[in-house]
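A.B. asks: Sharing a model prediction with you, sequence too.
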Amino acid sequence: MKQYQLKEVSKAKLKILEKYFPAWARILGSRNPILVFVDCFAGAGRYPGGEEGSPLLILQKARDTIQDFKSSLTILVIFVEKNKTSAKHLKANIPKDLPESLKVAVFNEDAHDFVPKLLEAIPRGMPAFFFIDPYGHPLTIPVMNQILSRPRTEILLNLMWYAINMHLSNPRTRQAIDKMFGHSDWYGQPFMRARQYERENQFVDYFLSQLEAHYKLKFRIRFSPEDDVPGGWHRTKYYLIHLSNHPKAALLMKEVMWSLGDEMGTFDFSARPQKRLFPQTPQVDELIQYLQQHYVGSGRVLTFGELREETWELPFIRKHYHKAITQLEGEGKVWIERMKSQRTGIRDRNKLHFVTEA
């Protein structure tokens, strides 16, 4: 019998979670005594091949974070798993030596019904991170919007495009899609008449338009060679979508996702990097050109952090902005108002004065 191994596309998903959670916890934990993490479709804690799943990964990262805070921070980790056997295995897989300030609860419940009740129990204003990673349909959009309506709360969503696409035109699953959207208007949308990539792109755009988050960052995951799907390397398996209402959360997730694609900055992963004649990784020169077109000559004054927040949708991260602004400073197109104790470098609070046109 062939031994199951965790697929590379699943590893990419876990890498994003593994890198983002500690940074999120450190930032929010510096201002809040209690943080909440909810894994809505937790599974058994380990994959059949023995590899650690999201629950064990998060517990280790939470343990490390609490040690850094020297027990001044409490992290409440909530695992929700519908399957009774998986929930039982998950409880058995949870380490017995967790620190006292790392609280863990496992609920053998259907997340679709349980999460609305859970939201009533979590104090409003307490920072919370929801990981929604189903096989099939996610939580309904009305429930996700309930989550997003809460301050300092964000979502990392696995949108299983491949599975959902098979259901869109099936009359037997229409009621389930109605429930996912919270209405039946989706059935009359243009994507229902479109095909292939046009259908996919229109659906994802429509789906995101229904979510009440200011910042929506998506990372495309294609089928990997291990999936053995015809033409799979260029077909989408799912999207990882980060949803938040704070620009710093979006910028932080962009830093995490940027390096994990087949090519850096493409937000697209297949576990089969292609050798392209023309690389697709965004270049600093492109950012400089954008800044020259939209900021240089405007006379605008804003901080380095505000510039990054205003342009968060561009496929660039902090190091690119630093290089671009440094070059423009050398050309006399912007001058940087640094703090008295700061001679060089660029910090988020430094004011950028873009020159006016002569």
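C.D. replies: Right, received. Where do you want to start?

A.B. asks: how about the nearest residue to Pro99 once chain neighbours are set aside, secondary structure?
C.D. replies: Distance criterion C-beta to C-beta, 6 or more residues apart in numbering; nearest residue to Pro99, sequence neighbours excluded, is Ile66 at 5.5 Å. Where C-beta positions appear, they are placed from N, C-alpha and C, glycine not excepted. Three-state call for Ile66 (DSSP: H, G, I helix; E, B strand; the rest coil): helix.

A.B. asks: how about Ile66, what does it touch?
C.D. replies: 73-75, 99, 101-102 (C-beta atoms under 8 Å, 6 or more residues apart in numbering).

A.B. asks: per-residue confidence for Asp227?
C.D. replies: On pLDDT, Asp227 comes in at 73.

A.B. asks: which residues does it contact?
C.D. replies: By C-beta under 8 Å, 6+ apart, the contact set of Asp227 is 7, 9, 237.

A.B. asks: what's the spacing between the first one and Glu51?
C.D. replies: Spelled out, that is Lys7. 10 Å (C-beta to C-beta, to the nearest Å).

A.B. asks: what does the last one give?
C.D. replies: When distance is defined by C-beta to C-beta, Lys237 is 18 Å away from Glu51.

A.B. asks: Between these two, which is the more surrounded one?
C.D. replies: Taking other C-beta atoms under 10 Å, Lys237 and Glu51 do not tie; Lys237 has more neighbours (22 against 15).

A.B. asks: quick one: secondary structure of that one?
C.D. replies: Applying three-state DSSP: Lys237 is strand.

A.B. asks: Confirm for me that it is in contact with Glu200.
C.D. replies: No. Lys237 lies out of contact with Glu200 (C-beta atoms under 8 Å); the separation is 11.4 Å.

A.B. asks: Give the residues shared as contacts by the two.
C.D. replies: The contact lists of Lys237 and Glu200 share Trp161, where a contact means C-beta under 8 Å, 6+ apart.

A.B. asks: if we can go back for a sec, would you turn the contacts of Asp227 into a markdown table with distance to Asn93 and pLDDT?
C.D. replies: A markdown table is the format used below for the contacts of Asp227 (distance: C-beta to C-beta, whole Å; pLDDT from 0 to 100):
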| residue | distance to Asn93 | pLDDT |
| --- | --- | --- |
| Lys7 | 20 | 76 |
| Val9 | 23 | 77 |
| Lys237 | 26 | 91 |
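
A.B. asks: backbone phi and psi for the residue sitting nearest the centre point of the chain, please?
C.D. replies: For the chain, the residue sitting closest to the mean C-alpha position, by C-alpha atoms, centre = their mean, is His242 at 3.0 Å. The phi and psi torsions at His242 (degrees, to the nearest 10) take the values phi -100, psi 130.

A.B. asks: Glu52 too?
C.D. replies: According to degrees, to the nearest 10, Glu52 has phi -70, psi 130.

A.B. asks: Relative to Lys7, how far out is it?
C.D. replies: In terms of C-beta to C-beta, Glu52 sits 14 Å off from Lys7.

A.B. asks: and if you look at Lys15?
C.D. replies: In terms of C-beta to C-beta, Lys15 sits 13 Å off from Lys7.

A.B. asks: now Ser298
C.D. replies: Taking C-beta to C-beta, one finds Ser298 at 48 Å from Lys7.

A.B. asks: circling back: so which of the contacts of Ile66 sit within helices?
C.D. replies: Per DSSP state H, helices hold no members of those.

A.B. asks: Beta-bridge partners for Arg220, please?
C.D. replies: Tyr239, Asp268 (DSSP bridges).

A.B. asks: show me the residues around it that make contact.
C.D. replies: 236, 239, 267-269.
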